[in-house]
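1. Show me the folded form of this:
(one chain, ligands or ions: 1)
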Amino acid sequence: MFSKKIVKVGNVAMGGKNKILVQSMLNKPSEDIAANVAQAKELEENGCEIIRISVPNNESVKTVFALKQALRIPVVADIHFDYRMAIESIYAGADKIRINPGNIEDKNQLKQIVDLCIEKNVPIRVGLNSGCIPKHILAKKGPTAEALVDATLECILTLNSFDFDNIVVSLKSSSVLQTIEAYTSISSKTDYPLHLGVTEAGTAETGIVKSSIGIGHLLLNGIGDTIRVALTGEPIEEVKTGINILKALNLKTGLDIISCPTCGRTKTNLIDITNRIKDKLMKTSVRDKDIKIAVMGCAVNGPGEARNVDFGIACGKHEGLIFKRGKIIKKVPEEELVMEFINIVLQETQ
Ligand code: SF4
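-> Below you'll find the model as predicted:
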């Protein structure tokens with residue numbers, strides 16, 4: 001059920017059988033070039049595959065240009081109301097434009113954006129949110145998933161009327177269930193790549209849960225081509241959560257760490273041990289390898305889990321057994337366990 005159409009966003013292909021792309025949005029003041037470039041580079045280094053930036057004024061167009069010089073991944077300009085910002089962003093090198101056509105009422109202005117997109121082969125994301133359904137649709141359908149779908153189809157038809165087909169679609173709701181309903185419905189009505197997300201999902205505590213359920217449900221049903229986890233927080237957390245959603249669904253390979261929840265039997269500082277191992281390995285190339293690690297607290301499940309993975313630790317009292325592909329290779333005191341384990345994993349996987 002993946003989208004049938006494929007859209008090229010800069011140097012990446014979105015849709016069809018292409019991999020699901022993880023994206024995030026910068027949250028520094030758009031005019032602050034240095035801060036945005038630094039944040040974008042950090043996101044790129046941590047696996048972000050598309051970066052979006054708000055472009056509300058001419059100063060922020062300069063940031064789009066600077067991002068294009070600094071990054072390898074595509075840059076998307078997010079435009080509301082002022083069509084000139086879309087035009088300028090495309091000239092500055094933006095690889096995709098996100099607009100809500102309903103926010104650009106003058107059809108002539110919208111056509112100018114579309115004509116330049118055709119000339120430069122730049123796609124447009126029709127990006128609707130539950131908060132911006134036009135009044136005439138709200139009056140008929142109320143604030144429902146169906147209204148969101150109707151509003152989105154109306155925007156797509158407007159772009160199609162300008163002979164434009166280079167489209168990505170999103171229709172996010174702050175309700176998980178409404179998001180699922182809306183995307184499920186639109187996936188049977190259009191072939192365009194779908195950008196998934198639950199909008200205004202809140203801080204990490206609630207946002208990660210809402211996004212995982214909403215995005216996860218849709219991806220499991222074969223719906224969606226790119227994802228953005230929206231959190232009131234640092235964009236890096238959005239990227240990490242997006243990657244973890246894909247890994248949990250086997251849609252992305254990479255280091256997988258399983259660890260026990262700890263209990264009264266735990267006789268090491270297992271939480272600290274696990275966090276240090278994760279933090280160190282995620283800064284190495286092991287991060288992107290298809291490797292499974294288990295960090296377990298005691299002899300109940302420890303040896304069993306540690307044996308079934310590439311590398312494992314089964315802790316005892318202030319010490320741990322290190323396993324390599326099913327076999328015990330060392331017993332190490334707790335204070336040396338993290339470094340010894342990391343060294344073994346790196347030696348065996350480089
Ligand atoms: S593996 Fe051992 S320490 Fe960890 S939760 Fe299970 S019983 Fe407790």
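2. Count the residues that sit near the closest residue to the ligand within the stretch 151-300 of the chain.
-> Using C-beta to the nearest ligand atom, Gly297 is the residue of the stretch 151-300 of the chain that sits closest to the ligand, at 2.7 Å. Bear in mind the C-beta positions are built from the backbone N, C-alpha and C, glycine included. If you count neighbours by other C-beta atoms under 10 Å, Gly297 ends up with 25.
3. Can you get me a residue count around the nearest residue to it once chain neighbours are set aside?
-> Residue nearest to Gly297 in three dimensions, not counting chain neighbours: Thr266, with 4.1 Å by C-beta to C-beta, 6 or more residues apart in numbering. Counted with other C-beta under 10 Å, residues neighbouring Thr266 total 16.
4. returning to what we had before: next up, the contacts around the residue of the stretch 151-300 of the chain closest to the ligand.
-> Contacts here follow C-beta atoms under 8 Å, 6 or more residues apart in numbering; on that basis Gly297 touches 260, 262-263, 265-268, 270, 315.
5. how close does the residue nearest to Gly297 get to Glu335?
-> Distance, Thr266 to Glu335, by C-beta to C-beta, to the nearest Å: 16 Å.
6. how about the one helix or strand Gly214 maps to: buried residues?
-> When elements are assigned from DSSP states H and E, Gly214 belongs to helix 204-220. By 16 or more other C-beta atoms under 10 Å, the buried positions in helix 204-220 come out as 204, 207-208, 210-219.
7. now the helix or strand bottoming out on mean pLDDT in the chain, how far from the chain's geometric center?
-> Within the chain, confidence by mean pLDDT, DSSP states H and E is lowest for helix 302-307 among all helices and strands, at a mean of 83. Helix 302-307 has its C-alpha centroid displaced from the chain centroid by 32 Å (C-alpha atoms, centre = their mean, to the nearest Å).
8. what does the protein put close to the ligand?
-> 260-263, 265-266, 296-298, 300-302 (C-beta under 6 Å from any ligand atom).
9. Leu337 in helix, strand or coil?
-> helix (DSSP: H, G, I helix; E, B strand; the rest coil).
10. And for it, the neighbour number?
-> Counted with other C-beta under 10 Å, Leu337 comes out at 25.
11. for the residue nearest to it when sequence neighbours are not counted, what are its contacts?
-> Of all residues not flanking Leu337 in the chain, Gly320 sits nearest, at 4.7 Å (C-beta to C-beta, 6+ apart). If you count contacts by C-beta under 8 Å, 6+ apart, Gly320 has them with 268, 273, 313-314, 331-332, 334, 337, 341.
12. can you check Cys117 too?
-> 90, 97, 123-124, 164, 166.
13. what does the model give Gly131 for pLDDT?
-> For Gly131, the model assigns a pLDDT of 86.
14. hey, where'd the strands end up in the stretch 251-350 of the chain?
-> Assigned strands in the stretch 251-350 of the chain, in chain order: 256-259, 292-296, 311-315, 319-324, 327-333 (criterion: DSSP state E, counting those that start in this stretch).
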